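> Give the three-dimensional model of this entry:
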Amino acid sequence: METNIGPIDRALRVIVGLVLIAYAIPIGFPTTGWNWVGWIGLVPIATAAIGFCPLYRLVGMTTRQHPHPQ
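Got it, this is the predicted structure:
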């Protein structure tokens, strides 16, 4: 499986994932009936950790820079 997530994309996914999980716990957010939605934050963290996004593969997209041939 070839990685298709670049370093900036990975960093943004981790940040978004952590914010969503903080909402789920809730840390710094009010308790609502919708806090469980924050557990969706595990998805961007997982994709950042493995460097592969299945949705990107489906649409033929990548944010990873490929080295230029010399």
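> Give me the spatial nearest neighbour of residue 5, chain neighbours excluded.
Spatially, and ignoring its direct neighbours in sequence, residue 5 is nearest to residue 51 (5.1 Å; CB to CB, 6 or more residues apart in numbering). Every residue, glycine included, has its C-beta placed from N, CA and C.
> how about residue 47, what does it touch?
5, 13, 53-54 (CB atoms under 8 Å, 6 or more residues apart in numbering).
> Please, which helix or strand holds it?
Residue 47 belongs to helix 42-50 when elements are defined using DSSP states H and E.
> For stretch 20-39, list every residue counted as buried.
For stretch 20-39, burial by neighbour count (16 or more other CB atoms under 10 Å) applies to 20-21, 23-24, 38.
> The longest helix along the chain vs helix 42-50, what angle?
Ranked by residue count under DSSP state H, the longest helix found in the chain is helix 7-24. Calculated by axes from the mean of the first three to the mean of the last three CA atoms, to 10 degrees, helix 7-24 forms an angle of 150 degrees with helix 42-50.
> Let me know the average pLDDT across helix 7-24.
Taken as a whole, helix 7-24 has a mean pLDDT of 96.
> for residue 40, what are its contacts?
Residue 40 sits in contact with residue 20, where contact means CB under 8 Å, 6+ apart.
> circling back: alpha carbons of the helix holding residue 47, in CSV - could you do that?
Provided in CSV are the C-alpha atoms of helix 42-50 (Å, rounded to 0.1, in the frame of the first residue of the first chain):
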residue,chain,number,x,y,z
LEU,A,42,-10.1,8.4,15.5
VAL,A,43,-10.4,8.2,11.7
PRO,A,44,-8.2,11.1,10.7
ILE,A,45,-5.6,10.1,13.4
ALA,A,46,-5.5,6.5,12.0
THR,A,47,-5.1,7.6,8.4
ALA,A,48,-2.4,10.0,9.4
ALA,A,49,-0.6,7.2,11.3
ILE,A,50,-0.6,4.9,8.4
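> continuing past that helix, what's the next helix or strand?
helix 54-59.
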